[in-house]
Structure formats: structure tokens, C-alpha cells
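Peer 1: After the sequence you'll find the predicted model.
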Amino acid sequence: MITEVDRRVWREIRHRHIVSLTRAYRKGLVDEGIIPLIEEINNYSEECVTTSSCYGRIVLISFRYIGDKSLSSFYRKWHEPVDKDILWREIIGYKGRHPLWLLLQSTIIHVKCRTLDKAIELRNLGLEAGYKYSKILSISNRGFTTEISGTERLNLPVKKENKTLINEEFMEYFSEIMNEMFERIEIKKNRLIEILKNKNLKIRKN
């Protein structure tokens with residue numbers, strides 16, 4: 001089994017991802033909340049580079065068939081807590097043909113690593129920080145991808161055939177869940193940043 005990528009090839013791969021990330025920064029395509037963690041991961045080791053990320057989000061999405069994302073369509077999405085009145089207004093205002101779902105999703109970051117050992121190391125650091133769904137996502141001759149992901153999830157049907165399936169009282173409760181979720185997201189982010197900094201400091205001292 002492949003356990004590492006040639007260093008020369010890796011330098012080219014990493015450079016391309018850094019250039020792509022820099023362009024995404026300039027275009028405002030990177031969630032502000034996740035930037036400090038992205039930068040810490042990319043500074044952690046020359047053998048790691050982030051390839052995609054999402055801080056955490058609240059999504060209104062329509063599905064023609066449940067579970068088939070190829071036939072889904074984003075209606076609205078936010079990368080921070082949303083005022084309950086705004087969310088309720090968007091749900092009421094939806095007039096699409098297909099059922100509308102409310103999704104609440106955790107942080108997810110994909111990190112490509114030069115070696116399998118580094119990918120496993122990063123996965124373990126993610127677990128230590130509380131990202132319980134962290135795993136090795138893929139292995140190839142272009143690198144080893146670690147997915148760092150938390151457990152915060154909520155999938156809820158909210159509208160079908162122009163009939164709203166929830167009420168404003170639920171929006172009050174959901175607002176509390178949203179705030180709690182983003183508090184946990186921020187805590188885990190800061191915890192992983194601290195873990196990476198401390199580990200890097202120990203490596204440099206040795």
C-alpha cells in the first residue's frame with residue numbers, strides 16, 4: 001500500500017492548493033469563522049494542506065427525492081446563527097415544487113497530507129479536539145486526505161406541497177439549538193488550534 005508521496009510531486013500539489021486557497025480568500029469564498037483554523041493547519045506542517053472547508057452552516061434545501069443530492073437545490077444557507085424571524089420568513093416564503101428541508105451541519109475540513117502517518121496524526125488530533133467524525137477519507141498517489149468533522153447534525157422536513165410542517169414555537173426552540181451548536185463549533189475550533197500550536201511548539205523545542 002502507498003504510504004507517502006514523492007517530495008517533489010508533493011511540493012507541486014501543495015503549492016497549487018495554497019494558490020487556490022489564496023484566490024478563494026480574495027474572492028470572499030472562505031467562511032470567516034474557519035480561517036484561523038485553516039491557517040493553523042497549513043502552518044502546522046509542510047506535509048499538510050487544506051483543500052476544502054466549511055465552518056458550519058444552516059441550510060434550507062429542497063429535495064426531489066430524499067437522499068439524492070444530485071436532484072437537490074439550495075434555497076438559502078448561512079454560516080452563522082440566523083435570527084428565528086428571518087428563518088421563519090424564508091420557510092413561509094418558499095413556493096418550490098419539492099419538499100423543503102432544514103439542515104444544521106457541523107464544521108468539515110479536508111486536509112491532504114504527504115504521508116499516511118501525517119494523515120493519521122491529524123485525524124487523531126481532530127478526535128482529541130472533539131471532532132468525533134474525523135477519519136481518513138481517501139488514499140492515493142496524490143496524497144492522503146483526512147476529514148475533520150464534528151457531530152452537530154439536524155435534518156428536518158419543514159415544508160411539503162406548500163404546507164408548513166412546523167410552527168413559530170418550534171422556531172424559538174430551534175434558535176436555541178442553533179446558538180448552542182455554533183458555541184460548540186467555536187469551542188472545538190479554538191481547541192484544535194491550541195492543540196496544533198502546542199504540538200508544533202514541542203516539535204520545535206526538540
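Peer 2: Perfect, thanks for sending it. Since we're looking at a predicted model, the values are computed, not measured.
Peer 1: Okay, now stretch 24-42: how far is its last residue from its first?
Peer 2: Terminal residues of stretch 24-42 are spaced 15 Å apart (Cα to Cα, to the nearest Å).
Peer 1: Return the set of buried residues in it.
Peer 2: Of all the residues in stretch 24-42, those buried under the rule 16 or more other Cβ atoms under 10 Å are 30, 31, 33, 34, 37, 38, 40, 41, 42. For every residue, glycine as well, the C-beta is placed using N, CA and C.
Peer 1: likewise stretch 103-115?
Peer 2: 104, 105, 106, 107, 108, 109, 110, 111, 112, 113, 114, 115.
Peer 1: would you put the C-alpha positions of it in CSV?
Peer 2: What follows is stretch 103-115, C-alpha atoms only, in CSV (Å, rounded to 0.1, in the frame of the first residue of the first chain):
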residue,chain,number,x,y,z
LEU,A,103,-30.3,21.2,7.8
LEU,A,104,-27.9,22.1,10.5
GLN,A,105,-24.4,20.9,9.8
SER,A,106,-21.1,20.9,11.6
THR,A,107,-17.6,22.0,10.7
ILE,A,108,-15.9,20.0,8.0
ILE,A,109,-12.4,20.4,6.7
HIS,A,110,-10.5,18.2,4.2
VAL,A,111,-6.7,18.2,4.6
LYS,A,112,-4.4,16.5,2.1
CYS,A,113,-1.2,15.1,3.6
ARG,A,114,2.1,13.8,2.0
THR,A,115,2.3,10.7,4.2
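Peer 1: Could you tell me which of the buried residues of stretch 103-115 are located in helices?
Peer 2: Judged by DSSP state H, the buried residues of stretch 103-115 include no members of helices.
Peer 1: of all these, which comes closest to residue 60?
Peer 2: Nearest to residue 60 out of the buried residues of stretch 103-115 is residue 104 (Cβ to Cβ; 10.8 Å).
Peer 1: Spell out the residue ranges of the helices in the chain.
Peer 2: So, for the chain - with DSSP H - the helices run 7-26, 35-44, 84-93, 116-129, 168-205.
Peer 1: Adding distance to residue 51 and mean pLDDT as columns, could you present these in CSV?
Peer 2: Compiled in CSV, those are given as follows (distance: least, Cβ to Cβ, whole Å; pLDDT from 0 to 100):
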stretch, distance to residue 51, mean pLDDT
helix 7-26, 6, 97
helix 35-44, 10, 96
helix 84-93, 31, 94
helix 116-129, 12, 97
helix 168-205, 17, 87
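Peer 1: can I get those helices in TSV with distance to residue 151?
Peer 2: Below are the helices of the chain laid out as TSV (distance: least, Cβ to Cβ, whole Å):
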stretch	distance to residue 151
helix 7-26	26
helix 35-44	17
helix 84-93	22
helix 116-129	11
helix 168-205	9
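Peer 1: mind checking which of those is nearest residue 147?
Peer 2: helix 116-129 (8.2 Å).
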